[in-house]
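Undergrad: Just the structure for this:
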Amino acid sequence: MSFLANFKIFGTVLTSPEHMKRSTLIYACFVFIIALWRFASSDVYDQYKCRTLLTDGDWLDPLNEKGPSNWQPPDCIMHTYNPREAGTCLKDKHVLFIGDSTVRQLFWETVKTVDPSVSETAERHSDIKFVKDGLDIEFLWDPYLNMTGLKRIATCNKVKQESENAYLVAGGGLWFARYLGEKGVSSWKANIDQFMENIQNCNSVYRLPFFIPVTEPAWEKLDKSRSSTILKPEIDYMNSYIQWLSQNSNVVIPTAMNLMMDLSPYSTDDSGIHSQTSVSRVKANILLNMRCNQDVVAELGYPYDKTCCFAYTGPDFIQGFFLTVAILILPYLYIRSGYSSNGSSTSPVDMFISALFIFATVLTYCFVADRTSLFNKLNKQFLQSEFNILMIIMLVVGVLTLRRSDSEQGFMGRDQSDEWKGWMQLVILIYHITGASKILPIYKSIRVLVAAYLFMTGYGHTVFFYKKADFSLKRVANVLVRLNLLSCSLAYVMNTDYLFYYFAPLSSFWFLVVYFTMRIGSSRNNDMRFLLGKIALSAIVVHIFIAVPGILEVVWLLLERVFFISWNLREWRFRVLLDVYIVYVGMLGGLLLCKFNSLRFSSHPMWPKVRIACLALSVVFMIVYYTCSQIWSSKQVYNSHHPLLSILPILGFLFLRNATSTMRNTYSAAYAWIGTFSLETFTLQFHIWMAADTHGILAVIPSRYRVLNFIILTPLFLYVSCLTSDATGKLTSAIVSGLKKPAPKPSSKPTEVVTVPPPSEKSEKADETVVSVETKESVNADTEVAKPADNFEPSKEATPVEAGQPAVSSDFASRLLEAPIIVNLKEIFNDLPMKLTGILVMMWVMNVGHGFAK
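TA: Predicted coordinates:
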């Protein structure tokens, strides 16, 4: 038996639903045991990561010649503050800096954090005060800590300042060493003793005083006058004494600031004493993270990307209710169900409970991973070598899993479309996890991949509506519920918002655009001129609706006032306009394919010449795109051309991928497998692969083992995504079609092509395009799909219940179905419009609750 045949058998077993459930459960237990062991052995002593923020860390970019900027404290994310966040924390408060030029650097970086327009124009050895919009940040020049600064501290700041002190920053020592000679250390010690005593006497005023360690210079950069007077033993003694003195006071010593200077040769400027601007900014952010993280998250909400010195808040009412059901009630129901007892079940209730249990468990995993301190969170850092290695691994896996389709595939058939979605999703995942968004060539490529997903949305849905003319509410509900069930649930469980998981909203929006375009005047869809006119008019209307200021603003105002929904209008407008034409190109491509097949143009004598011309044109498209994309050297300029430019590589790839019968019928099984649940991988990566709402990387072991963390968590992420896809499909079927008893015998009649298939299902006809979309799709889900049964069909692989075996499933299911509350609910929500209305009302109630809570 060949290697590929063995691999196919192994892959089939490995990806079977029952095997995945068992293996995922076992592996998840392994991961959680590791996390609990790490937490109990180390994190419990510094649960909120305050001590590690102040005392330890490492540069992720130590060889940056402009100065390193990505500082990684152990096992947490140190946030870089922006003006809005810093202003939220420091408004109506006073921040006081006292000391020498090293403290003055921190003062300026703090001021420029709250107001980037500020320039350093004050005299060097003078006091400086910044006051603006309720912000009050002050620097007192006092290198010996015995003048203005000491007097201010001695009076507890009562004379000069009435507002609350946010934090105090003091520091000094180098002037003693350089200018006071042998008396330098003793004078410094006396002044420090007095300074610390005054701070301690005013601890009700200065609740968070920092004393900056004496800077240890880059000795090789010091000029002769400094190197002869500033001596290492003296600096070491000063820092040791400060550490000893702080043990009996509330003064905080951020020793990590000196560690920063040691761990990179580019941390200091040419003087050897002062930090590079990027390093000073990181030092200032250590102070802001220590003081502001808790307040800013409480005020502004997600993203939860400030995990150093931060205590996750407990669940709110909605989260608490969900966690109670997910942890206490659903496991009980699952254990009692026949699905749990037998490993499989034909009862629709049992299958519904199983799907609901898996879905709720995944949401709980998201909450534990990204809303508690059980898992660590790490900074991202782009490394070209890391990105290249992951891409090579992905390519090798794709080549090793190449196989021929079981049946003849038409243009853009099911296997090919799943493969396309799969490898694109893998590239997007690598792009996100490596932090490659700042690398312009990679960013341009990812934008094309996103456009390709939306092309498939327009293509697949148009083919379906043109062929089937099924514009029923059931069809619409099936697509929209399948696309949005996970992202809407996560928005409530994680306390984010719906647009945060932007692919599901984009896919839903464009599905509705395609639906109404094809639905209006659908009786004349066979008139190609009329249909093309509708598509052109739709493109104009959508562009005006999105681009013209005022229209969306009214919609957003209505959402906020009536439905208590606060979405980012600017972000939504940007994402829709970025790919505003590609969906219509997909629609035109779908119609062209339908006409091509109906006219049997492949049998026309001119077809060979047309085929060669299309392939040649594809190569030209690729060259033109590459040439044009190299011209624009900024994201903003490229984005302005992307809506039209992205059409070229997508059409070029599509023609080349289907150039020959061998290419059409050969695909990568690994990529196709990923493609069947790419929507779930895109959505779940936000919380169980990445972390801090995509701003960091999830870690189960200490941060120094970054690669091992990746190896441990990636298999769990993929298997969980696959199980979630299966569970979401079953829940969608239950919501849309209801819980009906399965037919006595599975029908041998071929399944009608209409909606959403299980991951392994193939298209019913080899020559039919199967790119429709909907339910399991990736980033936007789309490619024609097989109609789900109106109930839960028994699995073909289900283990039959042997004679004499206790009928746990049927008894429990029967009792559950006959329960009064279930009977009443079935009567109330007996039809689809009522069920959908009930879901929307429930979401509105939860939105209102959140709105009043805020």
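
Undergrad: and after the host helix or strand of Ala166, which helix or strand comes next?
TA: For Ala166, the enclosing helix or strand under DSSP states H and E is strand 164-171. Proceeding N to C from strand 164-171, the next assigned helix or strand is helix 174-179, under DSSP H and E.

Undergrad: What residues sit buried inside the next helix or strand along the chain from that following helix?
TA: Where DSSP H and E defines the elements, the next helix or strand beyond helix 174-179 is helix 184-201. Judged by neighbour count using 16 or more other Cβ atoms under 10 Å, the buried positions of helix 184-201 are 184-185, 188, 191-192, 195-196, 198-199. Every residue, glycine included, has its C-beta placed from N, CA and C.

Undergrad: In terms of secondary structure, what does helix 184-201 contact?
TA: Helices and strands touching helix 184-201, by 3 or more Cβ pairs under 8 Å, 6 or more residues apart in numbering; DSSP states H and E, are helix 148-154, strand 164-171, helix 174-179, helix 232-246.

Undergrad: Pull up the gap between Tyr625 and Met412, please.
TA: 20 Å (Cβ to Cβ, to the nearest Å).

Undergrad: Compare these two and say which is more crowded by neighbours.
TA: Met412 (25 against 20; other Cβ atoms under 10 Å).

Undergrad: Would you agree the more buried one is in contact with Phe653?
TA: No - applying Cβ atoms under 8 Å, one finds Met412 not in contact with Phe653, separated by 10.9 Å.

Undergrad: hmm, back to that, among the helices and strands packed on helix 184-201, show the one with the smallest mean pLDDT.
TA: Here the lowest mean pLDDT among the helices and strands packed on helix 184-201 goes to helix 148-154, at a mean of 76.

Undergrad: before we move on, the earlier item: okay, the buried residues of helix 184-201 in TSV with pLDDT and distance to Leu140 next?
TA: Shown next, in TSV, are the buried residues of helix 184-201 (pLDDT from 0 to 100; distance: Cβ to Cβ, whole Å):
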residue	pLDDT	distance to Leu140
Gly184	87	21
Val185	91	23
Trp188	93	18
Asn191	90	14
Ile192	91	16
Phe195	87	12
Met196	88	17
Asn198	88	14
Ile199	88	14
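
Undergrad: Between these, which sits nearest Tyr332?
TA: Ile199 (56.2 Å; Cβ to Cβ).

Undergrad: burial count for the residue nearest to that closest one when sequence neighbours are not counted?
TA: Nearest in space to Ile199, with sequence neighbours left out and distances taken as Cβ to Cβ, 6 or more residues apart in numbering, is Pro209 at 5.1 Å. Using other Cβ under 10 Å, Pro209 has 24 neighbouring residues.

Undergrad: Kindly report the same for the one 3 residues further on.
TA: Neighbour count of Ile212, defined by other Cβ under 10 Å: 25.

Undergrad: Regarding Phe139, what is its secondary structure?
TA: strand (DSSP: H, G, I helix; E, B strand; the rest coil).

Undergrad: Quick check, it in contact with Thr102.
TA: No - using Cβ under 8 Å as the test, Phe139 is too far from Thr102 to be in contact (11.8 Å).

Undergrad: ok, these two, which is more surrounded?
TA: Phe139 (25 against 22).

Undergrad: Tell me who's in contact with the more buried one.
TA: Contacts for Phe139 (Cβ atoms under 8 Å, 6 or more residues apart in numbering) come out as 97-98, 103-104, 107, 127-129.

Undergrad: Adding distance to Ser227 and pLDDT, write these out as JSON lines.
TA: Shown next, in JSON lines, are the contacts of Phe139 (distance: Cβ to Cβ, whole Å; pLDDT from 0 to 100):
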{"residue": "Phe97", "distance to Ser227": "28", "pLDDT": "95"}
{"residue": "Ile98", "distance to Ser227": "27", "pLDDT": "94"}
{"residue": "Val103", "distance to Ser227": "22", "pLDDT": "95"}
{"residue": "Arg104", "distance to Ser227": "23", "pLDDT": "95"}
{"residue": "Phe107", "distance to Ser227": "27", "pLDDT": "97"}
{"residue": "Asp127", "distance to Ser227": "30", "pLDDT": "92"}
{"residue": "Ile128", "distance to Ser227": "30", "pLDDT": "93"}
{"residue": "Lys129", "distance to Ser227": "35", "pLDDT": "93"}
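
Undergrad: Restricted to helices, list those.
TA: Among the contacts of Phe139, the members found in helices (DSSP state H) are 103-104, 107.

Undergrad: low-scoring stretches of this structure, by residue?
TA: Residues of the chain meeting the criterion pLDDT under 70: 1-18, 157-162, 338-346, 740-830, 851-854.

Undergrad: residue ranges for the strands of it, please.
TA: 58-59, 71-72, 93-99, 128-132, 135-141, 164-171, 209-212, 376-379, 402-404, 666-668, 690-691, 696-699 (DSSP state E).

Undergrad: So which of the ones you listed is nearest Pro549?
TA: Pro549 sits nearest to strand 128-132 of all the strands of the chain, at 29.8 Å, using Cβ to Cβ.

Undergrad: Need the contact partners of that closest one.
TA: The contact list for strand 128-132 (Cβ under 8 Å, 6+ apart) reads 104, 107, 111, 114-115, 118, 122, 136-139, 141.

Undergrad: between the strands of the chain, which one is nearest to His642?
TA: Minimum separation from His642 across the strands of the chain (Cβ to Cβ) falls at strand 690-691, 24.4 Å.

Undergrad: partners of the closest one, with directions?
TA: Counting by DSSP bridges, the strands paired with strand 690-691 are strand 696-699 (antiparallel).

Undergrad: Show me how far the strand it pairs with is from its chain's centre.
TA: 11 Å (Cα atoms, centre = their mean, to the nearest Å).

Undergrad: one step back: winner for burial among the helices and strands packed on helix 184-201?
TA: Comparing these by mean neighbour count (mean count of other Cβ atoms under 10 Å), strand 164-171 ranks first with a mean of 22.

Undergrad: what's it packed up against?
TA: Using 3+ Cβ pairs under 8 Å, 6+ apart: strand 164-171 touches strand 93-99, helix 101-114, helix 184-201, strand 209-212, helix 277-300.

Undergrad: ok, it: who's next to it in the sheet?
TA: Strand 164-171 is paired, per DSSP bridges, with strand 93-99 (parallel), strand 209-212 (parallel).

Undergrad: For that strand, which outside residues touch it?
TA: 89-90, 92-100, 102-103, 106-107, 145, 149, 157, 195, 199, 205-214, 287, 290-291.

Undergrad: would you put the C-alpha positions of that strand in PDB?
TA: The C-alpha trace of strand 164-171 is given here as PDB (Å, rounded to 0.1, in the frame of the first residue of the first chain):
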ATOM      1  CA  GLU A 164      -4.800  63.600  43.800                       C
ATOM      2  CA  ASN A 165      -1.400  62.300  43.100                       C
ATOM      3  CA  ALA A 166      -1.400  59.500  40.500                       C
ATOM      4  CA  TYR A 167       2.200  58.500  41.100                       C
ATOM      5  CA  LEU A 168       5.500  60.000  42.100                       C
ATOM      6  CA  VAL A 169       8.800  59.300  40.300                       C
ATOM      7  CA  ALA A 170      12.100  60.200  41.800                       C
ATOM      8  CA  GLY A 171      15.700  59.300  41.100                       C
END
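
Undergrad: Helix 232-246 and that one, what's the angle between them?
TA: Angle, strand 164-171 to helix 232-246, by axes from the mean of the first three to the mean of the last three Cα atoms, to 10 degrees: 150 degrees.

Undergrad: to the chain's geometric centre, what's the distance from strand 164-171?
TA: On Cα atoms, centre = their mean, the centre of strand 164-171 falls 35 Å from the chain's centre.

Undergrad: Many thanks, we can stop here.
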